[in-house]
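A.B. asks: from the sequence below, what's the structure:
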Amino acid sequence: MLHKHLPKWIAATAAALAFAVVAPQAAAAYPDKPVRLIIPFAPGGSTDILGRLLAEALHPILGQPVIVENKPGAGGNIGGDYVARSAPDGYTLLLAAAGPTVINPSLYANMPFNPAKDLTAITCIEKEHNLMVVTKSLPAKTLQEFLQYVRANPGKLSFGSPGNGSPAQLAGELLKQKAGLQAVHVPYKGTGPAITDLVAGHIDFMIDNMPALLPQVKAGTIRALAVPSDQRASAAPDVPTFDEAGQPGFVVMAWKGLMAPAGTPPAVVDRLHAAVVKALQDPQLRKRFQELGAEPLGSSPAEFAKQIADETVWWGKLVQSTGTKIQ
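C.D. replies: Model (predicted):
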């Protein structure tokens, strides 16, 4: 009887040994084709700028091109949902920001995906300063002059954002709440168009990510008044914090992270995490990030997952307190 079953036993053993040898090789081979990095916003904004810098830096580390694709719309939900529904193989990634991952669940009654369940955290790439800027035609040269001017002209000034429910809108609504201001929100389809109108004087002020706004400040087309951070930004050392400018307790930081579809193999997540950490150690990339107002991080997947959970609660309370709604 033993002799009769020997061929099956040998075949089973051979298959197991083959799997044991091939499986690690397959994992080690990732990636063996180009990787797509989905930017859930329009070109020209902070997410797009930093995402393209990261994609370029990852190319030599991964040994494959990292192709950037913009899929804007619905406050980042279109791009986020696209990644959430993609194959969990590490070849479609999300350049994540606060909007589609921690804010939108409190804004949208019918989210197309659940960020906490449908996406896997890989790393928080960086944290970045926001910047409050005004159009050059506005007479205010300091934050206190600005606040006095808005109070003297209730409801006459407008502030822009990349869209309804965006972190930039919520930051503006929070400032209105804390400083007792009346101003009109003007949503745009992306940060780029909002900045264009700010430069042209069609809107009066913005509070948005520094990487997108700082080049215009340095070019002299708009004026920076303050950073809503607990310390000054090394990229704009002459710009005071809100605390220093006389409006205490106003801190709203931004961040960018890397996420993949839920179910992505741990080995692939670890490979991507290690690649981002290595990229962020490059002095040239670090310098470029810091020049834009972004501080490189490279947190662990577990740390990033906890950050997302904690910020979902924080932003949810802010959405509720400001009464922000999607129009």
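A.B. asks: adjacent strands (with direction) for the strand or helix carrying residue 260?
C.D. replies: Using DSSP states H and E, the element containing residue 260 is strand 254-261. The strands beside strand 254-261 in its sheet (DSSP bridges) come out as strand 92-97 (antiparallel), strand 119-128 (antiparallel).
A.B. asks: tell me which of those lies nearest to residue 113.
C.D. replies: Closest approach to residue 113 among those is made by strand 119-128 (7.6 Å; CB to CB). No exception for glycine: its C-beta is placed from N, CA and C like everyone else's.
A.B. asks: can you name the element that comes right after that closest one?
C.D. replies: strand 130-135.
A.B. asks: show me what that following strand is in contact with.
C.D. replies: Here strand 130-135 makes contact (CB atoms under 8 Å, 6 or more residues apart in numbering) with 140, 143, 146, 167-168, 171, 175, 198-199, 201, 203-210, 213-214, 216-217, 222-229, 233, 236, 239, 242, 252-254, 293.
A.B. asks: try it again with 7 Å
C.D. replies: 140, 146, 171, 198, 201, 203-210, 213-214, 217, 222-228, 252-254 (CB atoms under 7 Å, 6 or more residues apart in numbering).
A.B. asks: repeat for stretch 300-313
C.D. replies: Under CB under 7 Å, 6+ apart, the answer for stretch 300-313 is 98, 101-102, 105, 116, 121-124, 257, 269, 273.
A.B. asks: torsion angles phi and psi at residue 154?
C.D. replies: phi -60, psi 130 (degrees, to the nearest 10).
A.B. asks: next, count neighbours for it.
C.D. replies: 11 (other CB atoms under 10 Å).
A.B. asks: and the nearest residue to residue 154 once chain neighbours are set aside, its phi and psi?
C.D. replies: Closest residue to residue 154 apart from its sequence neighbours, by CB to CB, 6 or more residues apart in numbering: residue 182 at 4.1 Å. Dihedral pair for residue 182: phi -120, psi 120, per degrees, to the nearest 10.
A.B. asks: whatever helix or strand comes next after the strand holding residue 260 - contacts with which helices or strands?
C.D. replies: The element immediately downstream of strand 254-261 (helix or strand, assigned by DSSP H and E) is helix 266-280. When contacts are defined as 3 or more CB pairs under 7 Å, 6 or more residues apart in numbering; DSSP states H and E, helix 266-280 packs onto helix 46-62, strand 119-128, strand 254-261.
A.B. asks: which residues sit against the second one?
C.D. replies: Strand 119-128 has contacts (CB under 7 Å, 6+ apart) with 46, 50, 54, 83-84, 94, 209-211, 253-262, 264, 269, 272-273, 276, 289, 293-299, 301, 304-305, 307-308.
A.B. asks: need the helices for the stretch 201-327 of the chain, in chain order.
C.D. replies: 210-219, 266-280, 283-291, 301-322 (DSSP state H, counting those that start in this stretch).
A.B. asks: tell me which of these sits most buried.
C.D. replies: Per residue and on average, the most neighbours among those fall to helix 210-219, with a mean of 20 (mean count of other CB atoms under 10 Å).
A.B. asks: what mean pLDDT does stretch 164-182 get?
C.D. replies: The average pLDDT within stretch 164-182 is 93.
A.B. asks: how about it: buried residues?
C.D. replies: Buried residues in stretch 164-182, counting neighbours by 16 or more other CB atoms under 10 Å, are found at 164-176, 179, 181.
A.B. asks: before we move on, back to that, could you flag which of the contacts of stretch 300-313 are buried?
C.D. replies: By neighbour count, with 16+ other CB under 10 Å, the contacts of stretch 300-313 hold 98, 101-102, 105, 121-124, 257, 269, 273 as buried.
A.B. asks: closest one of those to residue 156?
C.D. replies: Residue 156 has its nearest neighbour among these in residue 98, at 29.7 Å by CB to CB.
A.B. asks: isn't that closest one right next to residue 166, touching?
C.D. replies: No. In this structure, residue 98 is not within contact of residue 166 by CB atoms under 7 Å, at 8.9 Å.
A.B. asks: what's the farthest-apart pair in the contacts of stretch 300-313?
C.D. replies: 105 and 273 (24.4 Å).
A.B. asks: just the helices in the stretch 51-200 of the chain please.
C.D. replies: Using DSSP H, counting those that start in this stretch, the helices of the stretch 51-200 of the chain run over 77-84, 98, 104-107, 115-118, 143-152, 167-179, 191-200.
A.B. asks: switch those over to JSON lines; also include distance to residue 280.
C.D. replies: Formatted as JSON lines, those follow (distance: least, CB to CB, whole Å):
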{"stretch": "helix 77-84", "distance to residue 280": "21"}
{"stretch": "helix 98", "distance to residue 280": "20"}
{"stretch": "helix 104-107", "distance to residue 280": "27"}
{"stretch": "helix 115-118", "distance to residue 280": "23"}
{"stretch": "helix 143-152", "distance to residue 280": "32"}
{"stretch": "helix 167-179", "distance to residue 280": "23"}
{"stretch": "helix 191-200", "distance to residue 280": "23"}
